[in-house]
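Chemist: Next input, structure requested:
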Amino acid sequence: MYSAPSLLAILPFPQIDPIAFSIGPVAVHWYGLAYVAGILLGWLYAKRMVARADLWPGGVSPMAPEKLDDFLVWVAGGIVLGGRIGYILFYDLGSVIANPIRAVEIWNGGMSFHGGLIGTTIAMIWFARRNGVPVWSLFDTVAAVVPFGLFFGRIANFVNGELWGRISDVPWAMVFPTGGPFARHPSQLYEAALEGIVLFLVLRIMTHQVKALRQPGVVAGTFVCGYALSRIVVEFFREPDPQLGYLAFGWLTMGMVLSLPMLLVGLWAVWRARRATPVL
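Modeler: Residues are numbered from 1 along each chain as shown. Okay, the predicted model is just below:
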């Protein structure tokens, strides 16, 4: 049973305005800036990777860096459309059926990473086929840069005081403005650390030290596994979405259910890549 923590064990939640700045009547939110920062930094990092021919199979880059300029629009569309549609289907379908206008009310809902992943995957396959780019190498390129977006997105969740964790008495627990009077895990920061920093470092070692890009699919598979494991771990500390709650056993959440197939797909991708291509 939960017992209220000592006041000395509670860190104050930093009151940061969700609006970064305003230009006349237009308010620019930190959440939107997080998407922009993640996409732009990922784009710059990806261009540096594809410019390094020595990282790729046979010492030949799978595409010219300029190709990624065109791809930027495709991936942005896949993230936004897939993320929103995924959130509706996985987390808010009943409310949208009852009131279809909610589908476009982003301020009344959110974005689903799993939906964004599906949308981005469709965009990657379509772009690769139209531009003669090896699809698995494109998967690897994008997978290596996704942690940028995950890190900034989770920081924006923290700034907004949303997607907070379960009630806790750990010394770093916080009372979130929308989380009631109880101290909670700052689970957004756990996700930023695992999905953003740790996963980026793992993938960086694989791409630049292990030279895993020479086996197309290994980096993408590792990312999918790494995200799935990170998400499952953090779900034990994160409060489930109120409209869904726990699905079973008093701990199983939708985030876990959606991440388990990802883990299997990631393992399959690594297995397939290591069988299909030798290290060159």
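
Chemist: lowest confidence element among the helices and strands of this structure?
Modeler: Using mean pLDDT, DSSP states H and E, the weakest-scoring helix or strand in the chain turns out to be strand 10-11, at a mean of 70.

Chemist: Please, which helix or strand holds the residue most central in space within the chain?
Modeler: For the chain, L150 is the residue whose C-alpha lies nearest the centre (Cα atoms, centre = their mean; 4.0 Å). Using DSSP states H and E, L150 falls within helix 135-160.

Chemist: how many other residues sit next to L93?
Modeler: If you count neighbours by other Cβ atoms under 10 Å, L93 ends up with 13. Any C-beta I mention is one placed from the backbone N, CA and C, and that applies to glycine too.

Chemist: roughly how far apart are V145 and L203?
Modeler: Look at V145 and L203: by Cβ to Cβ, to the nearest Å, they are 9 Å apart.

Chemist: whoops, I mixed them up, F249
Modeler: From F249 across to L203, the span is 32 Å (Cβ to Cβ).

Chemist: Of the two, give the one with the bigger neighbour count.
Modeler: Under the criterion of other Cβ under 10 Å, the comparison of F249 against L203 puts L203 first, with 22 against 6.

Chemist: correct me, but the more buried one touches A220?
Modeler: No. The criterion here is Cβ atoms under 8 Å, and L203 misses it with A220 at 9.7 Å.

Chemist: Could you name every residue contacting both of the two?
Modeler: A143 (Cβ atoms under 8 Å, 6 or more residues apart in numbering).

Chemist: And the host helix or strand of I122, what does it pack against?
Modeler: According to DSSP H and E, I122 maps onto helix 113-131. The contact analysis (3 or more Cβ pairs under 8 Å, 6 or more residues apart in numbering; DSSP states H and E) places helix 113-131 against helix 67-91, helix 135-160, helix 254-276.

Chemist: just checking, next helix/strand downstream of the second one?
Modeler: Which is helix 135-160. Taking DSSP H and E, what comes next after helix 135-160 is strand 173-174.

Chemist: which residues touch the helix or strand that that next one is followed by?
Modeler: Counting by DSSP H and E, the next helix or strand C-terminal to strand 173-174 is helix 187-191. Under the contact criterion Cβ under 8 Å, 6+ apart, helix 187-191 has outside partners 150, 154-155, 157-158, 162-166, 230-231, 234, 237-239.
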